[in-house]
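In: Dropping a prediction and its sequence here:
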Amino acid sequence: MLSKRVHAAWFVVHFLIITAVCFAGVFSLIAAGSTVLPSALDKYARKAELSATFFLGKEATAYSPVRRGIATYLHAAGIEAGYTFFAPNIPGYHKLTLELYYEDGRVEYESPHMSGKAAGLRLDSLLDRLADNRYEPIREVVVKMLALSIWRDHPEVKKIRATFGAVTPPGISDFEHGKGETLQPMFSYDFSLREEKQ
Amino acid sequence: MSLPRRYWENFMDFLFPPETDGWLAVLRIGLGLQVAIYALFLRSDWHHLFASTGKSLVSRKLGEAIASFDSPLIPKLGWLITLGGYAHIGEDAVLSIAWACLLCTGLLLLLGLFSRPAAIIAWFLHLCAAESGGLFAYGADNFMTTGLFYLMLSPLPDRYSLDHRLLKVELRGPQLLGFWRRVLQVHMCFVYFVGGLAKCLGSGWWNGSNLWRSLTRPPFNLISPDILVRFKYVLPILGISICLIELGYPFFIWIRKTRLFWLVCILAMHAAIGLAMGMYLFALVMIVLNVAAFGIGMSKRQPLPSEVTADGESTEQHTGVSGRPGFGTSPRGG
């Protein structure tokens, strides 16, 4: 009987945590104004999101054992993210174009790539993350690493210009009228690789 | 009996229904296949994804630093590499060993050999990879982690495993089979309810534009847009159907009359995602979790706890268990 009670207690706590994670995700979408709900609800959604994240210990200091304990459990059980995939709307995708400048004045265009299709899908996932404001602090580092991975295949390149942009594919009617996708550059970096080598 | 007491008993009856281990065999075999395919799909890019320098696309250390910001206790490949360092094994070698171990655990799970250690190691290694490569992770990784997490906690082995058939390992904790299936079932209900709710809040799922966008954006654009345009009037119907199927899942999957229909719809949706968008790993893990949760033995009569025995034969006449779906009987093994 004790074992059953322990299991029942774990069940309740486990699903309370999942509820908090899921609803934090949904409220975050509402608060961001990306749903069909009226904007008057945004501030309430933000409050509800904060309550949910508070329950998950995210308002505690980074060194708080409670916060770390909950975070470890969430990751261990694979429940750290809500299930709002492909919702509420499908955003465009993102592209990283690398312009390779050679000593002799040649310019080539490359994109980071993987050999397998499964890993390629993961690379696209990385690029979509980079567009998110939460990843702004590491954008330059990541883009620099991606540029370096290309440079390893082209060691004679003098400079790389990395341009990151959001691509908006055409809607159905636009496609029927022959319109193509549009690229909106978001940021770009110049990497001088000779200096990097030194 | 007092009202709270009655609620408590009903709750416990819900949590610990009598259950056979067919669903556990499906979960074990399905996740074994999933882990093996995951390892094989990433074989050529494993070092590109997880090396810290040299071959890496983005240094593993960056992903690990982000995971450590959440908590330094989250398992990472860096732990294994540090351990390997003590034995003078280089990073490349440790990564290759980790990959090989992951593939082996997948195959062991598939066969049901050393089921529990294989499930624990598979969960740990996959978690390490998912966290170290967190920047590259997507939904399939979360579901794999969750599936393996539940699998390693479930009362393995099952009667179809080689552990039981060849090594004669006793079936342990049959009273927990129902509990862990309930956990998986309730979890799936959360997944679809929240997914469906979030989709319903987006206008694009009601007019078909989200379906168009998801099928035409790289790398999911396996079907030519010219073909999709021909079926443009079907897209809103499909979009709304997806919303309703997901949102209705936690209600209609429990009703005996609608369960099969709902399950078939969900499985068809995931099969279509896999085939039309190339998300094979995501599709497979969702199909496995759904079949394990609601696909096996759910349409038949509820089995009695005494049916779960080591040799898989009914022992009802020996135990004299009544029809009450309780789990008070002692675990039976051997």
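Out: Nice, I can see it.
In: Could you measure from the residue nearest to A:Glu99 when sequence neighbours are not counted over to chain B?
Out: If the residues on either side of it in the chain are set aside, A:Glu99 comes closest to A:Arg161, at 4.2 Å by CB to CB, 6 or more residues apart in numbering or on different chains. To be clear about C-beta, it is placed using only N, CA and C from the backbone, and glycine gets the same treatment. Here A:Arg161 is placed at a distance of 19 Å from chain B (CB to the nearest CB, to the nearest Å).
In: Next: A:Val143.
Out: For A:Val143, the distance to chain B - CB to the nearest CB - is 9 Å.
In: Does the closest residue to that residue other than its chain neighbours belong to a helix, a strand or coil?
Out: The spatial neighbour of A:Val143 that comes closest, neighbours along the chain excluded (CB to CB, 6+ apart), is A:Ala162 at 4.9 Å. Per DSSP: H, G, I helix; E, B strand; the rest coil, the local secondary structure of A:Ala162 is strand.
In: Chain A contacts on the stretch 151-300 of chain B?
Out: B:176, B:179, B:182-183, B:186-187, B:190-192, B:194-195, B:197-205, B:208-210, B:212-214, B:216-219, B:225, B:228-229, B:232, B:235, B:278-281 (CB under 8 Å from any CB of the partner chain).
In: Tell me which of these fall in helices.
Out: The members of those that map onto helices under DSSP state H are B:179, B:182-183, B:186-187, B:190-192, B:194-195, B:197-200, B:204-205, B:209-210, B:212-214, B:216, B:225, B:228-229, B:235, B:280-281.
In: got the contact list for the residue of the stretch 201-334 of chain B found nearest chain A?
Out: Minimum separation of the stretch 201-334 of chain B from chain A (CB to the nearest CB) falls at B:Gly202, amounting to 2.7 Å. Going by CB atoms under 8 Å, 6 or more residues apart in numbering or on different chains, B:Gly202 touches A:Ser34, A:Thr35, A:Val36, A:Ala87, A:Pro88, A:Asn89, B:Asn210.
In: Would you mind listing the buried residues in the helix or strand A:Asp42 falls within?
Out: Assessed by DSSP states H and E, A:Asp42 sits inside helix A:42-55. When burial is assessed from 16 or more other CB atoms under 10 Å in any protein chain shown, helix A:42-55 yields the following buried residues: A:Asp42, A:Ala45, A:Ala48, A:Glu49, A:Leu50, A:Ala52, A:Thr53, A:Phe55.
In: Leaving out chain neighbours, which residue sits closest to residue 70?
Out: In the absence of a named chain, chain A is used. Nearest to A:Ile70 is A:Gly57, by CB to CB, 6+ apart, at 4.5 Å.
In: nope, chain B please
Out: A:Ala71 (4.3 Å).
In: ok, the one you found touching B:Ser68?
Out: No - contact status for A:Ala71 versus B:Ser68: not in contact, 10.2 Å apart, counting by CB atoms under 8 Å.
In: Any residue of the host helix or strand of A:Leu127 touching chain B?
Out: Secondary structure from DSSP H and E places A:Leu127 in helix A:117-131. Yes - Helix A:117-131 lies within reach of chain B by CB under 8 Å from any CB, at A:Lys117, A:Ala118, A:Ala119, A:Gly120, A:Leu121, A:Arg122, A:Leu123, A:Asp124, A:Ser125, A:Leu126, A:Arg129.
In: Could I have the PyMOL command that selects the buried members from those?
Out: Selection of the buried residues among these in PyMOL, burial being defined by 16+ other CB under 10 Å:
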select buried, chain A and resi 118+119+120+121+122+123+124+125+126+129
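In: returning to what we had before: what about the residue nearest to B:Asp70, how many residues nearby?
Out: 23 (other CB atoms under 10 Å in any protein chain shown).
In: ok, it - contacts?
Out: A:Gly57, A:Glu80, B:Asp70, B:Ser71, B:Ile74.
In: For the second one, give its distance to chain B.
Out: The one in question is A:Glu80. 7 Å.
In: Do I have it right that that residue meets A:Tyr73?
Out: No - with contact defined as CB under 8 Å, A:Glu80 does not reach A:Tyr73; the gap is 9.1 Å.
In: neighbour-wise, which of the two wins?
Out: A:Glu80 (22 against 18).
In: just to revisit the earlier point, dump the contacts of B:Gly202 into a markdown table; add distance to A:Phe23 and neighbour count as well.
Out: Below are the contacts of B:Gly202 laid out as a markdown table (distance: CB to CB, whole Å; neighbours: other CB atoms under 10 Å in any protein chain shown):
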| residue | distance to A:Phe23 | neighbour count |
| --- | --- | --- |
| A:Ser34 | 16 | 16 |
| A:Thr35 | 14 | 22 |
| A:Val36 | 18 | 14 |
| A:Ala87 | 14 | 27 |
| A:Pro88 | 15 | 23 |
| A:Asn89 | 19 | 20 |
| B:Asn210 | 22 | 24 |
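In: among those residues, which are in helices?
Out: B:Asn210.
In: Lowest-confidence entry in the contacts of B:Gly202?
Out: pLDDT across those is at its lowest for A:Ala87, which sits at 83.
In: okay but A:Leu50 is in contact with A:Glu59, surely?
Out: Yes - between A:Leu50 and A:Glu59 there is a contact under CB under 8 Å: 7.4 Å.
In: Which strand or helix spans the nearest residue to A:Val141 once chain neighbours are set aside?
Out: Of all residues not flanking A:Val141 in the chain, B:Leu62 sits nearest, at 6.6 Å (CB to CB, 6+ apart). Using DSSP H and E, B:Leu62 sits within helix B:60-70.
In: Just want the angle from that helix to helix A:117-131.
Out: 60 degrees (axes from the mean of the first three to the mean of the last three CA atoms, to 10 degrees).
In: give me every residue that touches residue 122.
Out: All of this is about chain A. A:Met114, B:Leu49, B:Gly133, B:Phe136, B:Ala137, B:Tyr138.
In: The chain in question should be chain B.
Out: B:Leu31, B:Gly32, B:Val35, B:Leu102, B:Thr105, B:Gly106, B:Leu109, B:Leu148, B:Met152.
In: mind giving me the domain split of the chain?
Out: With no chain named, the answer covers chain A. A:2-76, A:93-197 (automatic domain parsing).
In: sorry, should have said chain B
Out: With automatic domain parsing as the reference, chain B has domains B:21-155, B:179-311.
In: least reliable of those going by mean pLDDT?
Out: domain B:179-311 (a mean of 89).
In: where's that one relative to the chain centroid, distance-wise?
Out: Computed by CA atoms, centre = their mean, to the nearest Å, the chain-centroid distance of domain B:179-311 equals 14 Å.
In: does B:Trp212 really touch A:Ile172, like I thought?
Out: Yes - taking contacts as CB under 8 Å, B:Trp212 lies within contact range of A:Ile172: 5.3 Å.
In: can you pull the contacts of B:Ser56?
Out: Contacts of B:Ser56 by CB under 8 Å, 6+ apart are A:Met145, A:Ser149, B:His47, B:His48, B:Leu49, B:Phe50.
In: Those in helices, which ones?
Out: A:Met145, A:Ser149, B:His47, B:His48, B:Leu49, B:Phe50.
In: can I get the contacts of B:Ser56 in a markdown table with neighbour count?
Out: Output for the contacts of B:Ser56, formatted as a markdown table (neighbours: other CB atoms under 10 Å in any protein chain shown):
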| residue | neighbour count |
| --- | --- |
| A:Met145 | 17 |
| A:Ser149 | 19 |
| B:His47 | 19 |
| B:His48 | 22 |
| B:Leu49 | 25 |
| B:Phe50 | 29 |
